[in-house]
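Asks: the following block contains a protein sequence and its predicted model.
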Amino acid sequence: MENQKVSPWKGNFNWGLIMGFSMIIFSTVLYFLDQIGNQKLGYISMIIMVVVLFLGIKAYRDTFLGGYITYGQVLGAGVIIGLYSAVISGLFTILLYKFIDPDLVNKLYAISENKMLEQGVSEGQIEVAMKLTKKFLNPYIMAAMGLFSSPFMAFIFSLILGIFMKNEGEKNPVETTEAAE
């Protein structure tokens, strides 16, 4: 089958959906296990992101780019996948925290306060920090932050993946000869 020209937005759409729904499934599992505030388990989401990015960029390279991809294309594909994922995850965040379990915000608030108490932070500092935390523990703010953090993390991971995944192929001998003249 001959490779077809397709925009990076269309070529990476399915992998963005896969990443987004993978994050939703993982978040749902954490929710039902009552581990939604567990930062250590949250690192698993980064592993999921790296795996889906690798598979998605590889599929984009092999399916639409004839097996060749530049470092910049790797970064672009990764950010696009991360952006699609962020939109889907953001919608789920609003759904979960606003409609499914509105009390979950209070649970996260309490978790944050307990962590500061365990670290020995003074009462005054906790009070100031909790006022700020309360502003950010809003479903819409959380979803908006995800719209920036997910593509940013995808960019960082794609920087690393690009080192191993880029395949620019051989220089065209005609172009090399013309450049030398």
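Replies: Perfect, thanks for sending it.
Asks: low-confidence regions, this protein specifically.
Replies: Low-confidence segments of the chain, defined by pLDDT under 70, span residues 1-4, 170-181.
Asks: repeat the analysis, applying 50 as the threshold.
Replies: Along the chain, the parts satisfying pLDDT under 50 run over 1-2, 172-181.
Asks: centre-most residue in it?
Replies: In the chain, the C-alpha closest to the average C-alpha coordinate belongs to residue 150, at a distance of 3.3 Å (Cα atoms, centre = their mean).
Asks: is it true that that one touches residue 86?
Replies: Yes - counting by Cβ atoms under 8 Å, residue 150 touches residue 86, with 3.6 Å between them. All C-beta spots, glycine's among them, are computed from the backbone N, C-alpha and C.
Asks: for residue 26, grab the count of nearby residues.
Replies: Other residues near residue 26 number 17, with proximity taken as other Cβ atoms under 10 Å.
Asks: can you name the residues that contact it?
Replies: 44-45, 48 (Cβ atoms under 8 Å, 6 or more residues apart in numbering).
Asks: again, only this time at 10 Å
Replies: For residue 26, the set of contacting residues under the criterion of Cβ atoms under 10 Å, 6 or more residues apart in numbering consists of 41-42, 44-45, 47-48, 89.
Asks: so what does it have for phi and psi?
Replies: The phi and psi values for residue 26, taken as degrees, to the nearest 10, are phi -60, psi -40.
Asks: work out for me the element residue 109 sits within.
Replies: When secondary structure is defined by DSSP states H and E, residue 109 falls within helix 104-118.
Asks: dump the C-alpha coordinates for that helix into PDB.
Replies: Backbone C-alpha positions of helix 104-118 (Å, rounded to 0.1, in the frame of the first residue of the first chain) are rendered in PDB as follows:
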ATOM      1  CA  LEU A 104     -14.000  14.600  45.400                       C
ATOM      2  CA  VAL A 105     -12.700  18.200  45.400                       C
ATOM      3  CA  ASN A 106     -13.100  18.300  49.200                       C
ATOM      4  CA  LYS A 107     -11.200  15.000  49.500                       C
ATOM      5  CA  LEU A 108      -8.300  16.300  47.400                       C
ATOM      6  CA  TYR A 109      -8.300  19.500  49.500                       C
ATOM      7  CA  ALA A 110      -8.100  17.400  52.700                       C
ATOM      8  CA  ILE A 111      -5.300  15.300  51.200                       C
ATOM      9  CA  SER A 112      -3.300  18.400  50.400                       C
ATOM     10  CA  GLU A 113      -3.800  19.800  53.900                       C
ATOM     11  CA  ASN A 114      -2.700  16.500  55.500                       C
ATOM     12  CA  LYS A 115       0.500  16.400  53.400                       C
ATOM     13  CA  MET A 116       1.500  19.800  54.500                       C
ATOM     14  CA  LEU A 117       0.800  18.900  58.200                       C
ATOM     15  CA  GLU A 118       2.900  15.800  57.800                       C
END
